[in-house]
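Peer 1: attaching a predicted model along with its sequence, questions to come.
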Amino acid sequence: MSEPGGDRWERGDAYERFVGRWSALLAVPFLDGLGVADGLDWLDVGCGTGALTEAVLERCAPASVVGVEPSAGFLGVAAERLGGRAELLRGSADALPVPSASRDAVVFGLVLNFVPDVQAALAEAVRVARPGGTIAAIVWDYGARMEFLRIFWDAAVELDQEAAALDEAVRFPLSDPRALRRAFETAGLTGIVVRAIEVPTVFADFDDYWRPFLGGQGPAPSYVAGLDRAALDRLRDHLIGHLPVADDGTIPLTAGAWAISASRAW
């Protein structure tokens, strides 16, 4: 499956190596900051490979969890990861296969930027949430604090000006907290809270940083997949000279994100 912009979302294993491993770290402070009660019915919209769903199961003592995801490849990885602990359904964010007023908490983990119609997706979240229920999302801060991608795109654009149009910071306005808040306000949600979250992304070495970009899953790897060998080598060599390397050979970076939470009106 390819999304608008040429992004590929087919192989859950490759996604896990690229960004899924960092998504799992992000899920913990995101959920802890929601402050919701135990024993609720949850919906994870765009559950992907199941990182956030797994965190809900482990940290939130839910009564039930449903995950909805359009990619069959990602759902397969999620099913293996979760081992039947959640109900997984194939579907899209703007047409959720979930009954109205059936969920206490509806969460979007790093998916809203990739939804073609954000307001339709939020309207669906309002539909399936119970009155007073929590609706929340988290998105990467592509413009500044998502360092391993920021460094990549800055290097790519320096070598190829056409890459600028593919940069997530350019393509996805919801990576700005003001735009994220406006989207939730437009959806009629109340009690909106926006907060910043950061997690460490420490790469063992350059190979650990670079090889996931060759997996073809997501905007940056999709761009890499379209390069010829000479351009690929130039980009690789350019990145080697621009990444910070610690004395032990690791590459210590930080990934920042914006979390937003609100309530469905009674």
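Peer 2: Sure, I can see it.
Peer 1: ok, what's across the strand from Val106?
Peer 2: Leu43, Ile135 (DSSP bridges).
Peer 1: that one against Ala123, yeah?
Peer 2: No - judged on C-beta atoms under 8 Å, Val106 makes no contact with Ala123 at a distance of 11.5 Å. Where C-beta positions appear, they are placed from N, C-alpha and C, glycine not excepted.
Peer 1: which of these two has more neighbours?
Peer 2: The neighbour comparison of Val106 against Ala123 (other C-beta atoms under 10 Å) goes to Val106, with 27 against 14.
Peer 1: give me the pLDDT for the more buried one.
Peer 2: Note on Val106: pLDDT of 98.
Peer 1: list the contacts of it.
Peer 2: Neighbour list for Val106: Trp42, Leu43, Val45, Ala125, Val128, Ala129, Gly133, Thr134, Ile135, Ala136 [criterion: C-beta atoms under 8 Å, 6 or more residues apart in numbering].
Peer 1: same deal with Arg234?
Peer 2: Arg234 touches Leu159, counting by C-beta under 8 Å, 6+ apart.
Peer 1: and it, what helix or strand is that in?
Peer 2: helix 229-240 (DSSP states H and E).
Peer 1: from Val157, how far out is the spatially most central residue of the chain?
Peer 2: Nearest to the mean C-alpha position of the chain, counting by C-alpha atoms, centre = their mean, stands Leu110 at 2.1 Å. From Leu110 over to Val157 the distance is 23 Å, taken as C-beta to C-beta, to the nearest Å.
Peer 1: repeat for Leu112
Peer 2: For Leu112, the distance to Val157 equals 24 Å [C-beta to C-beta].
Peer 1: the more surrounded of these two?
Peer 2: Each of Leu112 and Val157 has its neighbours counted (other C-beta under 10 Å); Leu112 has more, 22 against 16.
Peer 1: help me confirm that that one comes into contact with Val118.
Peer 2: Yes - counting by C-beta under 8 Å, Leu112 touches Val118, with 5.8 Å between them.
Peer 1: which parts of the stretch 51-200 of the chain are helices?
Peer 2: For the stretch 51-200 of the chain, helices defined by DSSP state H, counting those that start in this stretch occupy the ranges 51-59, 72-82, 118-128, 147-159, 168-171, 177-186.
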